[in-house]
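Trainee: Kindly generate the corresponding structure for this input.
(chains A and B)
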Amino acid sequence: MDYVGSRFPDFGPPGPPGRELTSAKIVVAGGFGVGKSTFIRSIIESSDLLTMTALPPERAGLVTELVRIQFGRVWLDPGLALHLFVAPQWQDPRAGWNDVVRGAVGAVVLFDVMRPADSVDAMRYFEDHRIPYVLALNNVHASVRSDVKAIIHGMGIGRDVPVVNCDPRVRLSVRETLISLTEHAKLDRWRRRPGPDETTPLAPVC
Amino acid sequence: MSSAADAHRRRRRAQSPAEQTFADLMNGFSLDSGRKRTRTSAPVPEREATPVVPQEVGVPTFEPTVREPEDASIVRAYAWTGGRTRSNINLEIETLVSANDQSRQSAGILQAEHQHVVELCRSPRSVAEVAALMRLPLGVVKVLLGDMAERGLVDVHQTASAGGDTPDLGLMERVLSGLRRL
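Mentor: Residues are numbered from 1 along each chain as shown, chains lettered A, B, ... in the order given. Here you go, the predicted structure:
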């Protein structure tokens, strides 16, 4: 049988075999054409993303559409692989996201200032599920950034969400965005750690 | 991508029914592996030829969402997995699997899909990568890898966030260090 894998370039972990392996993932969300694939391509080792298919849940009867989920992988150290998944888009963006988002470090929402509504459903999903995320704006002026904040705060979302500048084509910019997200996620996790009685999380510091 | 998949499917159809693989049969998997689905115990009226298969709790239920020409395919699928229940192995889409010594020694007596997974996983691959590279739906791959893991044919490298929680602080710190070095 002819599988793609037999010819696929293999970027294995940079280290000797036998070490402990683990993996983490970050989700990249945002409207159509905003640069999610470009973002991931800028940071991964291989030249292009892989595509996985899945069937959306809760579908009775004949399946007429597969969900395609694109992703890439990069080794952060000899035992740690970081996966970056493009959040799938549906009519209802929450449908079928669970497998992709569950257990993620967090999400990067690429925000298209010309089409803010495209990001709103994703942002609401992350907030409902308490997934840490950052908003990434593509090289906009500071005044536009504050406008964006005002808009989304007016929608009742995006409070305390870091807003960062990001050019998805530039590796360093993508890296900085991922670092911002991970720092934000780490702080969020630290704030939610169990309190002295180890049953309830501590209240937010601010 | 579709033409290669079509050619793949045509090759499978040309094989005798006995050689059809589980991948042909289990095309009703959802992202959640059908765990949340309930299933009536009565057979569907128009498929009288379908044998009633006992439902075990925990066995991934799969209903072909495309009508199968052969009703016995469901029975074959159960036979393939041995009616096994899912073990404690938690396969997230990013979970890494790798071939081990046992699988290398078993080369030549493994089923076709198992053999391809072993070849693919000589270097560690995530569940998602296996699904993408073997061009199988995610749900099917989860069953395949879960089965192989239970038989000891692959090593599953559980993620620190197994169970759906956000990763712990240690893993996040490690991600941060790794990103800073990129």
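Trainee: what's near enough to touch the residue in chain A positioned nearest to chain B?
Mentor: Nearest to chain B, among the residues of chain A, is residue A:76, at 2.5 Å (C-beta to the nearest C-beta). For every residue, glycine as well, the C-beta is placed using N, CA and C. When contacts are counted by C-beta atoms under 8 Å, 6 or more residues apart in numbering or on different chains, residue A:76 touches A:24, A:82, B:174, B:175, B:177, B:178, B:179, B:181, B:182.
Trainee: swap the cut-off to 6 Å and go again
Mentor: A:82, B:178 (C-beta atoms under 6 Å, 6 or more residues apart in numbering or on different chains).
Trainee: Would you confirm that it belongs to a strand?
Mentor: Yes - secondary structure of residue A:76 (DSSP: H, G, I helix; E, B strand; the rest coil): part of a strand.
Trainee: Would you mind pulling the contact partners of the longest helix seen in chain A?
Mentor: Identified as the longest helix of chain A according to DSSP state H is helix A:171-191. By C-beta under 6 Å, 6+ apart, the surrounding residues in contact with helix A:171-191 are A:39, A:42-43, A:105-106, A:108, A:132, A:134, A:136, A:162, A:164, A:166-167, A:204, B:166, B:169, B:172, B:175-176, B:179, B:182.
Trainee: Kindly format the C-alpha coordinates of it as CSV.
Mentor: Provided in CSV are the C-alpha atoms of helix A:171-191 (Å, rounded to 0.1, in the frame of the first residue of the first chain):
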residue,chain,number,x,y,z
ARG,A,171,9.3,33.6,12.5
LEU,A,172,10.5,35.9,15.3
SER,A,173,7.1,37.5,15.5
VAL,A,174,5.3,34.2,15.7
ARG,A,175,7.8,33.1,18.4
GLU,A,176,7.1,36.2,20.4
THR,A,177,3.4,35.7,20.1
LEU,A,178,3.7,32.1,21.3
ILE,A,179,5.9,33.2,24.2
SER,A,180,3.3,35.9,25.2
LEU,A,181,0.6,33.3,25.1
THR,A,182,2.5,30.8,27.2
GLU,A,183,3.4,33.4,29.8
HIS,A,184,-0.2,34.5,30.0
ALA,A,185,-1.3,30.8,30.3
LYS,A,186,1.3,30.2,33.0
LEU,A,187,0.1,33.2,35.0
ASP,A,188,-3.5,32.2,34.5
ARG,A,189,-2.7,28.6,35.7
TRP,A,190,-0.8,30.0,38.7
ARG,A,191,-3.7,32.2,39.7
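Trainee: Please identify the buried residues of the helix or strand hosting residue B:179?
Mentor: Assessed by DSSP states H and E, residue B:179 sits inside helix B:169-181. By neighbour count with 16 or more other C-beta atoms under 10 Å in any protein chain shown, helix B:169-181 contains the buried residues B:171, B:172, B:174, B:175, B:176, B:178, B:179.
Trainee: List the contacts of residue A:51.
Mentor: The neighbours of residue A:51, taking C-beta under 6 Å, 6+ apart as the test, are A:68, A:70, B:132.
Trainee: Is it in a helix, a strand, or coil?
Mentor: Quick answer, by three-state DSSP: residue A:51 is strand.
Trainee: how near is it to residue B:140?
Mentor: Per C-beta to C-beta, to the nearest Å, residue A:51 is found 15 Å from residue B:140.
Trainee: quick one: the nearest residue to residue A:43 once chain neighbours are set aside and residue A:31, what's the gap?
Mentor: Closest residue in space to residue A:43, ignoring its immediate chain neighbours: residue A:174 at 4.8 Å, by C-beta to C-beta, 6 or more residues apart in numbering or on different chains. Remark: distance between residue A:174 and residue A:31 (C-beta to C-beta) = 18 Å.
Trainee: Counting neighbours, go ahead and name the busier of these two.
Mentor: Between residue A:174 and residue A:31, counted using other C-beta atoms under 10 Å in any protein chain shown, residue A:174 has the larger neighbour count: 27 against 21.
Trainee: give me the low-pLDDT residue ranges for chain B?
Mentor: Applying pLDDT under 70 to chain B flags residues B:1-88, B:160-164.
Trainee: Excluding chain neighbours, what is closest to whichever residue of it sits closest to chain A?
Mentor: Residue nearest to chain A within chain B (C-beta to the nearest C-beta): residue B:178, separated by 2.5 Å. Nearest non-adjacent residue to residue B:178, counting by C-beta to C-beta, 6+ apart: residue A:76, 2.5 Å away.
Trainee: Now for residue B:107, how many residues are close by?
Mentor: Neighbour number of residue B:107 under other C-beta under 10 Å is 12.
Trainee: next one: phi and psi at it?
Mentor: Reported as degrees, to the nearest 10, the phi and psi values for residue B:107 are phi -50, psi 130.
Trainee: What separation is there between the residue nearest to residue A:43 and residue A:76?
Mentor: 14 Å.
Trainee: now the helices: where do they sit in chain A?
Mentor: A:36-41, A:98-101, A:117-128, A:142-154, A:171-191.
Trainee: for the longest one, what is the average pLDDT?
Mentor: It refers to helix A:171-191. For helix A:171-191, the mean per-residue pLDDT is 95.
Trainee: now swap in the third one and tell me
Mentor: Here helix A:117-128 scores 86 as its mean pLDDT.
Trainee: Give the buried residues for it.
Mentor: A:118, A:119, A:120, A:121, A:122, A:123, A:124, A:125, A:126.
Trainee: Just list what that helix packs against, helices and strands only.
Mentor: strand A:106-111 (3 or more C-beta pairs under 6 Å, 6 or more residues apart in numbering or on different chains; DSSP states H and E).
Trainee: Show me what the strand it packs on is packed up against.
Mentor: Strand A:106-111 packs on strand A:22-30, helix A:117-128, strand A:133-137, helix A:171-191, going by 3+ C-beta pairs under 6 Å, 6+ apart.
Trainee: from those, which stretch is densest packed?
Mentor: strand A:22-30 (a mean of 26; mean count of other C-beta atoms under 10 Å in any protein chain shown).
Trainee: Parallel or antiparallel, which strands does it pair with?
Mentor: Here strand A:22-30 is paired, per DSSP bridges, with strand A:80-86 (parallel), strand A:106-111 (parallel).
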